[in-house]
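# how does the following fold in three dimensions:
(chains A and B)
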Amino acid sequence: MSELTVRGVCKSFGPHPVLTGVDLHVPSGTLAAVLGPSGCGKTTLLRIVAGFESPDAGEVSIGGSVVAGGPGRAVPPERRRVGIVPQEGALFPHLSVAGNVAFGLGRGRRRAARVDEMLELVGLAGYGPRMPHQLSGGQQQRVALARALAPDPALVLLDEPFSALDTGLRAAVREDVRAALLAAGATAVLVTHDQQEALSMASLVAVLRDGRIVQAASPADLYTVPRDLTVGTFVGEAVVLPAVLRADRAECALGALPVRRLRRTNGSSALDPAGGSAAGGSAAPAARGSVLLRPEQLVLGPAGSGVSARITGVQFFGHDALVRLSLPGGDSTEVMARTLGGHELRTDDEVGLTVAGPVSFFPSGS
Amino acid sequence: MSAAALPVSGDECYGTHCHSRVRQHIPSVLVVPAAVAAAVALLPLIYLAVRASEDGLGTVADVLLRERTAALVLRSLALAGTVTAICLVVGVSLAGLVTRTRLPARPVWAVLVALPLAVPSYVAAFTWLSLFPRFGGFLGATLVLSLVSYPYVYLPVVAALSRIDPAHEEVARALGRGPLRTFLSVTARQVRPAAAGGALLVALYVLSDFGAVAMLRYDVFTRVIYTSYRSSFDPTPAAILSCVLVAITVLILWGEIRTRGSRAYARLGAGAARQHRPAPLRGWTAAALAWCALVVGLAVGVPLVAIGYWLARGSSAGIDVGELASAAVSTLAVSALGALLTVALALPVGALAGRYRGRRVRLLEQAAYAGHALPGVVVALSLVFLSVRYARPIYQEVPVLVLAYAVLFLPAAVAAVRASVAQCPPALEDVARSLGRTPGGVLRSITVPLAGPGIAAGAVLVFLTCMKELPATLLLRPTGMETLATRLWSNTEVGAYAGAAPFAVALLLLAALPTALLGHRWRTRHE
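Next up is the predicted model:
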């Protein structure tokens, strides 16, 4: 398995620019997710890495050697050692499960053993003689993964591999695929529009927007320290309130909240324990903007504690609940809180709100 | 089709095979040969128009305004209309009996009733004529053409009837409608598009049919065009009449496309529909059986009896085996060439249509379908004109005949290639490439195994259709060459029915083959 590096990749289809300078680095053995809304160019990026499209500009290298966009001729897909798992598996309908998995293997002694090994890896030992149409959607998807992993590729690309599965099945197959990829020690890139899928599966999540990667970070960093408001609201449920930044605190309807400091390095962001400047140093004058916090940061207490609020609706899920709250004041601001349990909450109850942990502040116009 | 015309954006779409189809630029390796195929398909039509207008608009007006021409149009439309009406009644009633009632021996009837599809019109005409030599004219042509073409209505209506979810009818019954009102207000509504599509096919078939009307001496377009060309030194009237006939068939095709476009899904929602519970016929059983027996008897029984009779009479006099063998050999040879050329032309068009979208692809595909609107007589005539003027050395030689087959049967071949290519989405080829196969290797291990069988079946279908073709073969065959169809024709023309019978048998067997073959393919695919 080897690392993947994409540098400044651009691609247009006719007059439509799809990718406008994508930079992405996936270290060896990492499961990365490229997350973006429909139509942002995720699949195009995958097809460029796999070799089915060539970039207009920029460079792709796998394991240190340039495969596209370099001075030499682009390496054709069959010589890139890149395994792909397409959306609906795309198993060869005329070949058995074993035939599918063996497709990329040479005619060696180890062939049958490797097929068995791969089927065992994806939890389908003994399914070799079956035909693809005899498998469920989840099983087909796992065979597709076994087929991609069998020739021991340098890199595995997964293109929305779970979108065709129904919700119940999706979580289980997702976990199986993740386990198989980790067991194989594969470097893998998963493309998805589902933020939950990206955050739960990958150890590196790259957000693709308007043809470029706007942020690449660990799931936790991406969730807690989004680079901008759009990324912040895209990767999870968010409470966004207008605020004024003074010193290290953002003043909003929920009070003066401590702001998380962060440092940015072109395109990616990381927590900066030493403190940084993005959130404004103490010397900076007051700035207008917005604060972003997660619903689970809002803690409900008895009336009188913290900021008083009135419950306007409760969405109860069993293990937790989403509570809609109206804050006092003329403009009757509404916020969402996520709370464990929550059976005792009733509409029109008065509660006290406190905020746990620091929040993110984004100055207006950024 | 309108979705295909949308401008292609760089957007992703979800589905196995839309990415590459939308994004890849269309390779000229496909476009250039596809354009050649489209040009070949359109050539006769264009040249016909040129040839018809060559003598000036005066001549055109002169021919069009003749009283004879008006009568000809009326006769053709009357025949097409009458046959279509009869086919609707026969086809829909038989479909209803076979799919929805407790008709005794239903499965047997279901097969018997579809058999006439395998009887070429001129073979049917020959059998009736051989039994009743004075048979002919409007009534004769109507009877024979109805008997060979009602399956065009029967088959789609059977399919539609078995597709309908019984829940619809149950809902109607539960809402207080009786069985008959339910049938009329729910069932018939859902069957109507299928019946209408079938009816238009019948009308098209009748207008382009040459063999039956020619043998039964009823003067509609195809026969008049043929005799006018054969009997006069001036081919212009034949060309003008051909243009009029093409205009009518194009109108009908347009109608067919419109009914197809507005056809709604018979069933929404997931899961397999339940089986229908057949209705008891009670006192009507005898009448229903008699009706089925009458149709099958006239459509299948009469030809079989006639051929058996003449075979028995003829074998006492001795069948000329040499004549039969030489006709069979030349039939096989020209048909094989025809199938090869047709599929070769269809491959790029079908591959484009199965994989790519956009205006260019649509135009090329539609051009290749031109043969669908062109009766055999018309294609033959325009190729006669073309070869006489521009390719004298191959006039009445095999290449022109093979070209005519290609123009006529390109639609069937393109449809087969298109469907086969669609069996093999590009995603599969991408996966194979990523697993280390070269483009050639992908072709060998994925594309050919997946698309090959369907294309081969299409080639066999075209081959068998070429063997049955009559008018183009009559007009374009090399002097002295006889095929099974032309032997049957010439023997019938001189009243040598016993001599014609062996050729009729050979043609019936040939015509039955694709039906059996395609039926088998369909069954194995759905097991």
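# ok, B:Ala333 to chain A distance?
34 Å (Cβ to the nearest Cβ, to the nearest Å). C-beta here means a position set from N, CA and C on the backbone, and glycine is covered the same way.
# show me what the strand or helix carrying that residue is packed against.
According to DSSP states H and E, B:Ala333 maps onto helix B:321-355. On a contact count with 3 or more Cβ pairs under 8 Å, 6 or more residues apart in numbering or on different chains; DSSP states H and E, helix B:321-355 meets helix B:28-53, helix B:359-368, helix B:398-422, helix B:448-468, helix B:484-493, helix B:497-525.
# for stretch A:256-267, give the mean pLDDT please.
Mean pLDDT, stretch A:256-267: 66.
# got the phi and psi for the residue of chain B found nearest chain A?
Of all residues in chain B, B:Leu435 sits closest to chain A, at 3.1 Å by Cβ to the nearest Cβ. Note on B:Leu435: its backbone torsions stand at phi -90, psi 10 [degrees, to the nearest 10].
# ok, now A:Glu350?
phi -100, psi 130.
# any idea of the pLDDT on it?
Value listed for A:Glu350 in the pLDDT field: 88.
# likewise for A:Gly211?
90.
# next, count neighbours for it.
22 (other Cβ atoms under 10 Å in any protein chain shown).
# I figured it hits A:Leu19, correct?
Yes. With contact defined as Cβ atoms under 8 Å, A:Gly211 reaches A:Leu19; the gap is 4.7 Å.
# do stretch A:205-224 and chain B meet at all?
No. Stretch A:205-224 is not in contact with chain B by Cβ under 8 Å from any Cβ of the partner chain; minimum separation 8.8 Å.
# what residues of that stretch count as buried?
For stretch A:205-224, a neighbour-count test (16 or more other Cβ atoms under 10 Å in any protein chain shown) marks A:205-209, A:211-219, A:221-224 as buried.
# A:Ser38: which element?
Going by DSSP H and E, A:Ser38 is not part of any helix or strand.
# sorry, slip of the keys, the one I care about is B:Leu251.
Going by DSSP H and E, B:Leu251 is in helix B:236-261.
# kindly report the same for B:Ala159.
Counting by DSSP H and E, B:Ala159 is found in helix B:151-163.
# and the helix or strand following that helix, which residues are buried?
Once helix B:151-163 ends, the next helix or strand along the chain (criterion: DSSP H and E) is helix B:166-174. Buried residues in helix B:166-174, counted by 16+ other Cβ under 10 Å: B:His168, B:Glu169, B:Ala172.
# likewise for stretch B:340-358?
B:340-343, B:345-358.
# quick check: A:Gly21 is in a strand.
Yes. Under DSSP: H, G, I helix; E, B strand; the rest coil, A:Gly21 falls within a strand.
# that's a strand at A:Ile213, yeah?
Yes. Counting by three-state DSSP, A:Ile213 falls inside a strand.
# quick one: contacts for it?
By Cβ atoms under 8 Å, 6 or more residues apart in numbering or on different chains, A:Ile213 lies in contact with A:Val22, A:Asp23, A:Leu24, A:Val34, A:Ala206, A:Val207, A:Gly267.
# in space, what's closest to it - neighbours in sequence excluded?
A:Ala206 (4.9 Å; Cβ to Cβ, 6 or more residues apart in numbering or on different chains).
# what bridges to that neighbour?
A:Ala206 has these beta-bridge partners by DSSP bridges: A:Val34, A:Ala216.
# where along the stretch 151-300 of chain A do the strands fall?
A:155-159, A:188-192, A:204-209, A:212-217, A:239-246, A:249-252, A:255-258, A:262-265, A:268-271, A:287-293, A:298-302 (DSSP state E, counting those that start in this stretch).
# same list (those) but as CSV, adding distance to A:Arg7.
Shown next, in CSV, are these (distance: least, Cβ to Cβ, whole Å):
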stretch, distance to A:Arg7
strand A:155-159, 16
strand A:188-192, 15
strand A:204-209, 14
strand A:212-217, 11
strand A:239-246, 34
strand A:249-252, 36
strand A:255-258, 38
strand A:262-265, 16
strand A:268-271, 14
strand A:287-293, 31
strand A:298-302, 41
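# any figure for the gap between the residue of chain B closest to chain A and A:Ala50?
11 Å (Cβ to Cβ, to the nearest Å).
# please apply the same query to B:Ala41.
From B:Ala41 over to A:Ala50 (counting by Cβ to Cβ), the distance is 38 Å.
# returning to that earlier point: quick one, what contacts the residue of chain B closest to chain A?
B:Leu435 neighbours (Cβ under 8 Å, 6+ apart): A:Glu78, A:Gly83, A:Phe103, A:Gly104, A:Arg147, A:Ala148, A:Pro151.
# hmm, back to that, quick one: list the elements packing against the following helix or strand past the helix holding B:Leu251.
Next in sequence after helix B:236-261, counting helices and strands by DSSP H and E, comes helix B:285-296. On a contact count with 3+ Cβ pairs under 8 Å, 6+ apart, helix B:285-296 meets helix B:67-100, helix B:106-114.
# what parts of the stretch 301-450 of chain B come near chain A?
Close to chain A, as judged by Cβ under 8 Å from any Cβ, the stretch 301-450 of chain B has residues B:423, B:425, B:427-428, B:430-438, B:441, B:445-446, B:449-450.
# rewinding a little: and the helices and strands packed on helix B:285-296 as JSON lines, adding mean pLDDT, distance to B:Pro179 and mean neighbour count?
Output for these, formatted as JSON lines (pLDDT from 0 to 100; distance: least, Cβ to Cβ, whole Å; neighbours: other Cβ atoms under 10 Å in any protein chain shown):
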{"stretch": "helix B:67-100", "mean pLDDT": "92", "distance to B:Pro179": "10", "mean neighbour count": "19"}
{"stretch": "helix B:106-114", "mean pLDDT": "88", "distance to B:Pro179": "19", "mean neighbour count": "16"}
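# could you save the ones you listed as JSON lines and add columns showing distance to A:Tyr127?
Below are the helices and strands packed on helix B:285-296 laid out as JSON lines (distance: least, Cβ to Cβ, whole Å):
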{"stretch": "helix B:67-100", "distance to A:Tyr127": "39"}
{"stretch": "helix B:106-114", "distance to A:Tyr127": "38"}
